[in-house]
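> Model the following, please.
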Amino acid sequence: MKSVVFLSGGIDSTVTLAIALQTSEVHAISFDYGQRHIREIESAIRVAESGRITSHQILPVPLFRFGASTLLKTSPQEPRTEAASGLADTYVPARNTVMIALAAAYADSIGASTIWVGANADDYEGYPDCRPQYFEAFNLTLERGTVSKPTIQTPLVNLKKAEIVGLGDEYGVDFSNTWSCYNPKGDFHCGQCDSCRLRKSAFRDAGVTDPTLYAT
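Predicted coordinates for the structure are as follows:
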């Protein structure tokens, strides 16, 4: 059985990849959409090289031309360093919609039956395209609009970050290959942005040692 796995280089997608590898022939896909830094793409490559995947595609998607997100290199503002309620300033408009559509085209072309996405419960509030209802609706679109009718699988969608770290530890995930930081200090996580704070608390709560070194 073939599957397509979203691989961003972060904790969630890396653990999702480990799960997908248990049951399918994996074709990973990453996106260069104009994010603020290229470091996460480098991590995705490292994760892919350390796994038993069949192929790894890196697709350019010019979402940065539309702006409207501090996660994009065209934004004059950096992502917040403190958590905020409501829509996240790092939300990239329709990012998952565009990416899943491209992943569906890839899946349809190779006859893959599954598209794996690492959305999780911590993303519900700030990212509307990470909610269970969103994926349910998209699955209906894929059923009606593709030949291979791939289904989107979100094995982490009801899990918090600490639970995901614990699950990854059980699967033997090498977290040193993963990347989370929004405001990197060279090759290091800043340790201060929302994503770094969530990462640190997740490893602490899961009782797992984070092999990543922080600049601060």
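> C-alpha only now, for contacts and for neighbours.
OK.
> Tell me where the model's unsure across this protein.
81-85, 213-216 (pLDDT under 70).
> how about the strands of it, start to end?
Taking DSSP state E as the test, the strands found in the chain are 2-6, 25-32, 55-60, 114-116, 151-153.
> So which elements touch the fourth one?
Contacting strand 114-116 under the criterion 3 or more Cα pairs under 8 Å, 6 or more residues apart in numbering; DSSP states H and E are the following elements: strand 2-6, helix 11-20, helix 95-110, strand 151-153.
> same check, this time on the second one
When contacts are defined as 3+ Cα pairs under 8 Å, 6+ apart, strand 25-32 sits against strand 2-6, helix 39-50, strand 55-60.
> what's the most buried one of these?
Each of these was scored by mean neighbour count; the highest is strand 2-6, a mean of 25, by mean count of other Cα atoms under 10 Å.
> helices or strands up against it?
helix 11-20, strand 25-32, helix 95-110, strand 114-116.
> For that strand, what is the distance to the chain centroid?
In terms of Cα atoms, centre = their mean, to the nearest Å, the centre of strand 2-6 is set 13 Å apart from its chain centre.
> could the helices and strands packed on strand 25-32 go into JSON lines alongside distance to residue 190?
Compiled in JSON lines, these are given as follows (distance: least, Cα to Cα, whole Å):
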{"stretch": "strand 2-6", "distance to residue 190": "25"}
{"stretch": "helix 39-50", "distance to residue 190": "13"}
{"stretch": "strand 55-60", "distance to residue 190": "26"}
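> With residue 77 as the reference, measure out to residue 120.
26 Å (Cα to Cα, to the nearest Å).
> out of those two, which sits in the busier spot?
Legend: neighbour count by other Cα atoms under 10 Å for residue 120 and residue 77, higher for residue 120 (20 against 12).
> Tell me who's in contact with the closest residue in space to that one that isn't next to it in sequence.
Of all residues not flanking residue 120 in the chain, residue 157 sits nearest, at 4.0 Å (Cα to Cα, 6 or more residues apart in numbering). By Cα atoms under 8 Å, 6 or more residues apart in numbering, the contact list for residue 157 reads 118, 119, 120, 121, 131, 132.
> Redo the residues you listed as a markdown table? Include distance to residue 47.
Converted to a markdown table, the contacts of residue 157 look like this (distance: Cα to Cα, whole Å):
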| residue | distance to residue 47 |
| --- | --- |
| 118 | 14 |
| 119 | 18 |
| 120 | 19 |
| 121 | 23 |
| 131 | 25 |
| 132 | 26 |
